[in-house]
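A.B. asks: what shape does this take:
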Amino acid sequence: MSKNIGIVCEGPTDYIILKELINQITGEENQYMQLQPEDNLTGEYGNGWKGVWKWCTDHAGILKLFMKDVTPQLDLLVVQMDGDVSRKEKEVHCLCDTTTCELKGTKNPLVCERLKNQKCPVELPCIAHDALPEGYIAHLTILVLSWLGQKKDVCVVIPCDSTDTWVAAVYDKLENVERIEDPWKSIISKGKDYHDIRIPGHKKRLSVYRQFASGVCSSWEDVKNLCISARKFESRLKKCWGS
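C.D. replies: Prediction:
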């Protein structure tokens, strides 16, 4: 049976790929609502991983009511954050056991002055999450669920290094593709086209990602074979779907 699904993600290209994949995995033509980022990217939270963070923390206490009050009522919430956030962003490691800071737990890492004045004690790579890509996936999954709670109707997805990795897995069939940093710049957008798909101005365009989404869906088994993040996403989604 199809469901009404809300998606909280880093950007509109992620939304395109996720909704097509969810249909592929579930075998249903579901209905979707892009909760974050808002369509114009200039809404309350902006885009990117910080927008996901802010959305989750602001809705944590009212999530159950929020999902019921939305029209149509949401059956499932999918939250996406790219694995590269764990790789390169100090804020998400603020509460790690390896981090020593007298402000720990008392300041919102997104507005901490120590990060702004470059006195943040977080060291990267964090030794608590350096098992690639499994460490990044576990780290960010736990972080998101620490905001939203272990709810059966919340599915967290952490593509590693990003959803672009799943695209590269389809078209280039690269071993250890999840260990390649920033595949958009290092692989996909290096030329004017990528496997005969035009990349205008090296920019991420929705029209391009609609083509990529089709490719990822049609070769999803290949993506899963190459990417543990894809396998974990499908497993979590199916678990949420059947709950």
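A.B. asks: only C-alpha atoms for contact and neighbour calcs from this point on.
C.D. replies: Fine.
A.B. asks: would you mind identifying the next helix or strand past the lowest-mean-pLDDT helix or strand in the chain?
C.D. replies: Lowest on mean pLDDT, DSSP states H and E among the helices and strands of the chain sits helix 113-116, with a mean of 84. Note on helix 113-116: by DSSP states H and E, the next helix or strand toward the C-terminus is helix 134-148.
A.B. asks: if you count neighbours, what's buried in the least confident helix or strand of the chain?
C.D. replies: By neighbour count with 16 or more other CA atoms under 10 Å, helix 113-116 contains no buried residues.
A.B. asks: so which strand or helix has Glu29?
C.D. replies: Per DSSP H and E, there is no helix or strand for Glu29.
A.B. asks: near it, how many other residues are there?
C.D. replies: Glu29: 15 surrounding residues under other CA atoms under 10 Å.
A.B. asks: wait, it sits on Glu20?
C.D. replies: No - using CA atoms under 8 Å, Glu29 is not in contact with Glu20, being 9.1 Å away.
A.B. asks: where does pLDDT dip in this protein?
C.D. replies: Low-confidence segments of the chain (pLDDT under 70): 40-43, 243.
A.B. asks: which stretches of it form strands?
C.D. replies: For the chain, the strands defined by DSSP state E occupy 4-8, 31-36, 76-80, 154-157, 193-194, 197-198.
A.B. asks: got those as CSV, with mean neighbour count columns?
C.D. replies: Compiled in CSV, the strands of the chain are given as follows (neighbours: other CA atoms under 10 Å):
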stretch, mean neighbour count
strand 4-8, 22
strand 31-36, 19
strand 76-80, 23
strand 154-157, 24
strand 193-194, 14
strand 197-198, 14
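A.B. asks: got a markdown table for those, with distance to Arg179 too?
C.D. replies: As requested, the strands of the chain are exported to a markdown table (distance: least, CA to CA, whole Å):
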| stretch | distance to Arg179 |
| --- | --- |
| strand 4-8 | 25 |
| strand 31-36 | 27 |
| strand 76-80 | 19 |
| strand 154-157 | 17 |
| strand 193-194 | 20 |
| strand 197-198 | 24 |
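A.B. asks: out of those strands, which comes closest to Lys54?
C.D. replies: strand 31-36 (9.9 Å; CA to CA).
A.B. asks: and the closest one, which strands flank it?
C.D. replies: strand 4-8 (parallel) (DSSP bridges).
A.B. asks: phi, psi for the residue lying farthest from the centre of the chain please.
C.D. replies: Farthest-out residue of the chain from its mean C-alpha position, per CA atoms, centre = their mean: Glu102, at 30.1 Å. The phi and psi torsions at Glu102 (degrees, to the nearest 10) take the values phi -70, psi -10.
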